[in-house]
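K.L.:
Here is a sequence together with a model predicted from it:
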Amino acid sequence: MKEEYKGYTIRHKEATQRHAAEFEASIGDSEYSNQSLAKVRKYIDNLEKKGFERTDVFVDGWGNRYDEAVVTSEVHHYDDFEVWITFKANKRRQKFVSRQVFLDNKGNRKIINSIKECDKGMAAFEVKKELLREQLETYVNKTERK
């Protein structure tokens, strides 16, 4: 089953051994899925109410990988400002503090590429450091030297 709802395509995905049947809406570069068609439609309705514009970003979540993602919504939580993002590679959704989310633009791409080059240099440095460390003469117990 496939239907158009307010300009979005909603598909029905059949149940598998590992997953229950669900409905999935394509929203820009991301997707939203739920077992209830009504909830998928409500999610789309809420998008229109917010007038929220999706934004391409990089996320620094795990060891400076700067994964490509899309901001799908904003959450104001006490003093923090958080965003829900959907990763482009695997469509997984997760919430991040805004200071971990960077705009996908020419300037930021250049900076991220420089950071990645530094990481490569640091990895080579760590290998060299470990090779040097392996050459160090170790302490031997005085009783074993005799």
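P.N.:
Looks like it arrived, so ask away.

K.L.:
So in the protein, which strand runs the longest?
P.N.:
The longest strand of the chain (DSSP state E) is strand 67-77.

K.L.:
helices and strands around it, which ones?
P.N.:
Contact here means 3 or more CB pairs under 8 Å, 6 or more residues apart in numbering; DSSP states H and E; on that basis strand 67-77 packs against strand 30-34, strand 55-59, strand 80-87. All C-beta spots, glycine's among them, are computed from the backbone N, C-alpha and C.

K.L.:
CSV please, covering these and showing distance to Tyr5 and mean pLDDT.
P.N.:
Formatted as CSV, the helices and strands packed on strand 67-77 follow (distance: least, CB to CB, whole Å; pLDDT from 0 to 100):
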stretch, distance to Tyr5, mean pLDDT
strand 30-34, 12, 74
strand 55-59, 23, 88
strand 80-87, 19, 80
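
K.L.:
I'd like to know how many residues surround Val59.
P.N.:
Neighbours of Val59 under the rule other CB atoms under 10 Å: 20.

K.L.:
Neighbouring strands - and their directions - for the longest strand of the chain?
P.N.:
strand 55-59 (antiparallel), strand 80-87 (antiparallel) (DSSP bridges).

K.L.:
I'd like those strands laid out as JSON lines, including distance to Arg109.
P.N.:
Formatted as JSON lines, these follow (distance: least, CB to CB, whole Å):
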{"stretch": "strand 55-59", "distance to Arg109": "8"}
{"stretch": "strand 80-87", "distance to Arg109": "17"}
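
K.L.:
Spit out the contact partners of the nearest residue to Val83 once chain neighbours are set aside.
P.N.:
Once flanking residues are discounted, Val83 sits nearest to Val71: 4.9 Å by CB to CB, 6 or more residues apart in numbering. With contact taken as CB atoms under 8 Å, 6 or more residues apart in numbering, Val71 is in contact with Arg54, Thr55, Val57, Val83, Trp84, Ile85, Val101.
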